[in-house]
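> Build the 3D model from these lines:
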Amino acid sequence: MILVLRALGVGDLATAVPALRALRAAYPGDRIALAAPAWLAPLVDLVGGVDRVVPTDGLGRLDPSVGRPAVAVNLHGRGPASHRMLAATRPGRLLAFANAEAGHHDGPDWDDGEHEVDRWCRLLRAYRIAADPGDLALRRPPPDRVATGVTVVHPGSKVPAKRWPAERFAAVAGRLAAAGHRVVVTGDAAEVPLARRVARLAGLPADVVLAGRTDLGELAALVAHARLVVCGDTGVGHLATGYRTPSVLLFGPVSPARWGPPADRPWHRVLWAGEGSRRGPEGVESHPTMVALPVGEVLVAVDDVQRTARVSGAVAA
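This is a model prediction of the structure:
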């Protein structure tokens, strides 16, 4: 068995897709177990190639049922905690970045400024496993339980500093609805109040708020069959990349050079103000992109992305 650790979130899993595909190709006859949060299972199914999800929330002791894997692969971090977590399973071989504190020297050095997708592909290449960082596509689920052709506005983020102001999301949502877009506002259960506020400020009916009403599989289907996605640096943006759904992504404080979509896909437009941060009015660190990015610039990006998508053929079903 090949045991892979990536016990993080939606965007983290999406950026590990090329590495997971590379492992599947490298070990075609072995079962691959992914140690990840159980709630990610619907998205893992859309990645393909993973035979089992080992429910794992963060770093700690792995379920004893994993036994002793032939190979353990650390796609979680630089160590030492993640290295030790995998080493505790006594694998035949550990593929991981070098970490002297964890006693692991058989691996490449960590590059803190590297793009997240490239990082894990480089790790595998260091162990002579070919990996294609462009292999980001997710399996497109059927739209059985979701609307198609909608414009997804996703105002939330688990990191408050990455949130564009709700009033500006509302302004964009209202303008898009007036232009004929069928706007829906998404989010998790904790983001329902935010989504409702955006819809109310945009003058949209309450039933456009899907926050708290979709599971991860339904959210993926919604993005896969959407007309457009407008969101911050979140997992939803990575879903748009995986489905080639036209998107406008608002970045801050982390550079899109580390987490953004591939530069050769112009139907994904990234807006970012550059380095620097300031103390926001509510005491959180806010990147200038999040506090100063104007609504008009986002609307221009929407028009550009839609025009580019029509020309390139990268339009969602």
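
> How about the contacts made by G296?
With contacts taken as Cβ atoms under 8 Å, 6 or more residues apart in numbering, G296 has no neighbouring residues. (Each C-beta comes from the backbone N, C-alpha and C, glycine too.)

> Give me the pLDDT value at it.
The score at G296 is 94. That number is its pLDDT.

> ok, now T289?
Per-residue confidence (pLDDT) for T289: 56.

> same thing with V311?
Model confidence at V311, given as pLDDT, is 81.

> Give me the distance between it and P262.
18 Å (Cβ to Cβ, to the nearest Å).

> just A170 next, same as before
A170 sits 30 Å away from P262 when distances are taken as Cβ to Cβ.

> Compare neighbour counts for the two and give me the winner.
Between A170 and P262, counted using other Cβ atoms under 10 Å, A170 has the larger neighbour count: 22 against 13.

> And for the nearest residue to the more buried one once chain neighbours are set aside, the neighbour number?
Of all residues beyond its chain neighbours, the one nearest A170 is L201 (3.5 Å), with distances taken as Cβ to Cβ, 6 or more residues apart in numbering. As a burial measure, L201 scores 16 neighbours (other Cβ under 10 Å).

> before we move on, what about H104?
Counted by other Cβ under 10 Å, the residues lying close to H104 total 20.

> ditto for D264
The burial count assigned to D264 is 7, neighbours taken as other Cβ under 10 Å.

> can you start the count at 40 instead of 1 from here on
Shifting the count to begin at 40 puts that one at D303.

> mind checking which helix or strand it is in?
In this structure, D303 sits in neither a helix nor a strand according to DSSP states H and E.

> OK, contacts around it?
When contacts are counted by Cβ under 8 Å, 6+ apart, D303 is found next to no other residue.

> Would you list the phi and psi of it?
Main-chain torsions, D303, degrees, to the nearest 10: phi -90, psi 10.

> Name the nearest residue to L98, ignoring sequence neighbours.
A120 is the one closest to L98 (Cβ to Cβ, 6+ apart), at 4.8 Å.

> what's the longest helix in this protein?
In the chain, ranked by residue count with DSSP state H as the criterion, the top helix is helix 334-351.

> And the contacts of stretch 202-212?
Counting by Cβ under 8 Å, 6+ apart, stretch 202-212 makes contact with 192, 194-196, 222, 224, 233, 236-241, 243, 269, 271, 289, 328-330, 332, 334, 337-338, 341, all of which sit outside it.

> now do 6 Å
Surrounding stretch 202-212, the residues in contact under the criterion Cβ atoms under 6 Å, 6 or more residues apart in numbering are 192, 194, 196, 222, 236-237, 240-241, 271, 289, 329, 334, 337.

> These in helices, which ones?
Using DSSP H, the members of the contacts of stretch 202-212 that fall in helices are 236-237, 240, 329, 334, 337.

> Just among these, which is most surrounded?
V237 (31 neighbours).

> And it, how far from D171?
Computed with Cβ to Cβ, the distance linking V237 and D171 is 37 Å.

> any idea how far N138 is from L162?
In this structure, L162 and N138 are separated by 12 Å, where distance is defined by Cβ to Cβ.

> can you check P108 too?
Taken as Cβ to Cβ, the span from P108 to N138 is 19 Å.

> For the stretch 240-356 of the chain, which segments count as helices?
Ranges of helices within the stretch 240-356 of the chain are 255-263, 274-281, 295-298, 327-331, 334-351, based on DSSP state H, counting those that start in this stretch.

> Quick check: which of those is nearest to N113?
Distances from N113 to each of those were compared using Cβ to Cβ; the minimum, 18.7 Å, belongs to helix 295-298.

> With only the CA atoms kept, save the closest one in PDB.
Below are the C-alpha coordinates for helix 295-298, written out as PDB (Å, rounded to 0.1, in the frame of the first residue of the first chain):
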ATOM      1  CA  PRO A 295      -0.900  34.100  -6.600                       C
ATOM      2  CA  ALA A 296       2.600  33.000  -7.600                       C
ATOM      3  CA  ARG A 297       2.300  30.500  -4.700                       C
ATOM      4  CA  TRP A 298      -1.400  29.500  -4.900                       C
END
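
> quick one: buried residues of it?
Applying a neighbour-count criterion of 16 or more other Cβ atoms under 10 Å, one finds 295, 297-298 buried in helix 295-298.

> A77: which of those residues is nearest?
For the buried residues of helix 295-298, the minimum distance to A77 (Cβ to Cβ) is 24.2 Å, reached by W298.

> Tell me which stretches of the chain form strands.
In the chain, strands defined by DSSP state E lie at 41-44, 71-75, 91-94, 110-113, 132-134, 190-193, 222-224, 267-271, 286-289, 307-310, 317-318, 324-325, listed in chain order.

> mean confidence for the second one?
Regarding strand 71-75, the rounded mean pLDDT is 98.
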